[in-house]
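# Pasting the sequence and the predicted model now:
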Amino acid sequence: MPDIGPVKSRPIEEERRPWGSFHTLEEGPGYKVKRLVILPGQRLSLQKHRRRAEHWVVAAGTATVTNGTRVLTLSPRTCTVIPRQVWHRIENRGRRPVVVIEVQHGSYLGEDDIIRTQDDYGRVK
């Protein structure tokens with residue numbers, strides 16, 4: 001992984017993905033907080049969730065975000081809310097990693113609540 005500076009947290013879960021990684025920082029009834037790291041030139045699948053909404057805050061880098069029909073450029077300290085059932089994606093077109101803090105809210109927060117329509121890594125069912 002590229003060096004993105006010191007991080008003072010102890011994730012309860014860490015998962016590698018083809019686009020980078022995520023760390024689950026906290027989870028409670030109806031919510032989960034993650035730290036996503038999107039590597040340069042990479043992007044998440046275009047996806048939606050049946051049972052959760054998400055709030056994304058860019059902590060580092062510049063993210064290109066698809067939120068429904070809108071494509072946004074988000075810099076550090078800016079955010080967007082992804083409603084349930086809305087197609088969304090994070091893309092890193094820059095040269096440095098993008099760090100996004102994601103807060104999930106919903107009745108079910110499992111990783112299997114992802115419906116993909118486009119994916120650079122062959123994960124569309």
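Great, that's in hand.
# how far is the helix or strand in which residue 54 is found from where the chain is centred?
Assigned by DSSP states H and E, residue 54 belongs to strand 52-60. Here strand 52-60 is found 7 Å from its chain centre; the criterion is Cα atoms, centre = their mean, to the nearest Å.
# Which residues does that strand contact?
Strand 52-60 has contacts (Cβ atoms under 8 Å, 6 or more residues apart in numbering) with 4, 35, 63, 65, 74-84, 88, 90, 96-109, 113. Glycine gets a C-beta too; all of them are placed from N, C-alpha and C.
# Quick one: mean pLDDT for stretch 87-105?
Averaged over stretch 87-105, pLDDT sits at 98.
# Start and end of that stretch, how far apart?
The straight-line separation of the ends of stretch 87-105 (Cα to Cα, to the nearest Å) is 16 Å.
# residues of stretch 29-47 that come out buried?
Buried residues in stretch 29-47, counting neighbours by 16 or more other Cβ atoms under 10 Å, are found at 32-39, 42-47.
# so which strand or helix has the residue nearest in space to the middle of the chain?
Central residue of the chain (Cα atoms, centre = their mean): residue 36, 5.3 Å from the mean position. Following DSSP H and E, one finds residue 36 within strand 31-38.
# Please name every helix or strand in contact with that strand.
Secondary-structure packing of strand 31-38 (3 or more Cβ pairs under 8 Å, 6 or more residues apart in numbering; DSSP states H and E): strand 20-28, strand 88-91, strand 98-106.
# now what about that strand, what contacts it?
So strand 31-38 is contacted by 1, 4, 7, 9, 11, 19-27, 44, 59, 61, 63, 90-92, 97-105, 109 (Cβ under 8 Å, 6+ apart).
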